[in-house]
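Chemist: Got a predicted model here, sequence first, then my questions.
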Amino acid sequence: MQPDYQAVLQEIEQEIQPYFGMGRVADYIPALARVPGRQFGMAVRTVDGDEFTIGDADSPFSIQSVSKLFSLMLALDIMGDDLWLRVGREPSGTAFNSLVQLEHEAGIPRNPFINAGAIVVTDVVTSRSAGAQRRIADFIRMLTGNQDNRVDEEVALSEKEHGYRNAALANLMKSFGNIESDIPTLLDVYFRQCAITISCRDLARAATPLAQGGYSPINGQQILDRRDAKRLNALMLTCGLYDAVGNFAYRVGLPAKSGVGGGIIAVLPGQFAVSVWSPELDANGNSLVGTKALELFTTKTGLSIF
Ligand SMILES: NC(=O)CC[C@H](N)C(=O)O
């Protein structure tokens, strides 16, 4: 029997209140540092098409690294398994923007969800499509069914002006021959992909194919084959939360992908996609209140992959 999701969300909204103020809004991108921290939204979409929301679930926020999930779908579609010659599939155990392993590992990033890996993924889309940024944004709009998901130009510019680490990652990988595009063009596409705005409701809809064997009921299309949906869920479980991935699996028990805008999308294959947004981050760059909310969600419903 399906849990009373709405009642669960209401309990969660109460129980997360003491956790506000414990984390910090991302400050290394100045445009994100201005986002008020005390916001919270959550949305559940079941495979039966029911949707349940609470709080600011329809407020747009900066998608940031959650976009890496969608650019990866595109890159896999473009390159198939050859993508894995250029990026690994192992957790990194390092921060999302770390440079440390890249030099030892010949410019091959550990996985597609740390920044280095995501930059390679975006390079695949950039070097193989005319209008890559538009292709990524259109793909996200297609998955959400919402044409209002736009690029926040202020956030994109802010990332560009302060993107020293991402530029360092891209240049280091280029020196190893693992980047094809010209660096400024590539970084522009990457920053604009991260600056797309999205709501919790849209994120839950966009991730639904991962709960439904690759099928999107939003537009009635098979977005991924079943095998790739399984593989992406495995990558999210092992790499989606950077060096907090073990703790997140322990507490929440769902494949998930986070972003420094405070969004997290999580999936229980065969059951639901659940998204949460709250801008204050923990030390690993994951939403502190959002992680707590997801922990409460799987605990209260008894539904996780474990
Ligand atoms: N973890 C994140 O969300 C990081 C994304 C951010 N745009 C960056 O590249 O630094």
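Modeler: In hand now; what should we look at?
Chemist: Look up how far the ligand lies from the residue nearest the centre of the chain.
Modeler: Closest to where the C-alpha atoms of the chain average out (CA atoms, centre = their mean) is Val66, at 1.5 Å. Between Val66 and the ligand the computed distance is 7 Å (CB to the nearest ligand atom, to the nearest Å). Where you see a C-beta, it was placed from the backbone N, CA and C, and this is true even at glycine.
Chemist: Ok, Leu32 next?
Modeler: 9 Å.
Chemist: ok but that residue is inside a helix, no?
Modeler: Yes. The assignment for Leu32 is a helix, going by DSSP: H, G, I helix; E, B strand; the rest coil.
Chemist: Name the nearest residue to it, sequence neighbours excluded.
Modeler: Nearest residue to Leu32, sequence neighbours excluded (CB to CB, 6 or more residues apart in numbering): Ala26, at 4.4 Å.
Chemist: wait, isn't the one you found in contact with Ser258?
Modeler: No. With contact defined as CB atoms under 8 Å, Ala26 does not count as touching Ser258 (11.4 Å).
Chemist: what touches both of the two?
Modeler: Gly285 (CB atoms under 8 Å, 6 or more residues apart in numbering).
Chemist: And the two? Which one has more around it.
Modeler: Ser258 (32 against 21; other CB atoms under 10 Å).
Chemist: Contacts only, for the more buried one.
Modeler: Contacts of Ser258 (CB under 8 Å, 6+ apart): Ser65, Val66, Gly240, Leu241, Tyr242, Ile264, Gly285, Asn286, Ser287, Gly290.
Chemist: Might you enumerate the residues of the chain proximal to the ligand?
Modeler: Counting by CB under 6 Å from any ligand atom, the chain comes close to the ligand at Gln64, Ser65, Phe96, Asn97, Asn115, Glu159, Asn166, Cys194, Gly259, Val260, Gly285.
Chemist: Nearest to Ala7, out of those residues: which one, please.
Modeler: Minimum distance to Ala7 across the residues of the chain next to the ligand is 28.1 Å, recorded for Gly259 (CB to CB).
Chemist: Packing partners of the helix or strand hosting Leu186?
Modeler: Taking DSSP states H and E as the criterion, Leu186 maps to helix 183-194. Packing partners of helix 183-194 (3 or more CB pairs under 8 Å, 6 or more residues apart in numbering; DSSP states H and E): helix 67-79, helix 115-128, helix 132-144, helix 153-161, helix 164-175.
Chemist: That one - what's its average pLDDT?
Modeler: Helix 183-194 shows a mean pLDDT of 97.
Chemist: Gly259 versus Glu159, what's the distance?
Modeler: 12 Å (CB to CB, to the nearest Å).
Chemist: do the same with Arg251
Modeler: Shown here: Arg251 relative to Gly259, a distance of 18 Å by CB to CB.
Chemist: Pick out whichever of these two has more residues nearby.
Modeler: Gly259 (27 against 17).
Chemist: which residues touch that one?
Modeler: Taking CB under 8 Å, 6+ apart as the test, what Gly259 contacts is Ser62, Ile63, Gln64, Ser65, Val66, Ser67, Cys194.
Chemist: from those residues, which is closest to Gln101?
Modeler: Ser65 (17.7 Å).
Chemist: Around Ser181, how many other residues sit close by?
Modeler: Ser181 has 22 nearby residues by other CB under 10 Å.
Chemist: which residue sits closest to Tyr215 in space, ignoring its chain neighbours?
Modeler: Take Tyr215 and drop its neighbours on the chain: the residue closest to it by CB to CB, 6+ apart is Gln222, 5.3 Å away.
Chemist: Identify, from the contacts of Ser258, the entry nearest to the ligand.
Modeler: Among these, Ser65 lies closest to the ligand (CB to the nearest ligand atom), at 3.0 Å.
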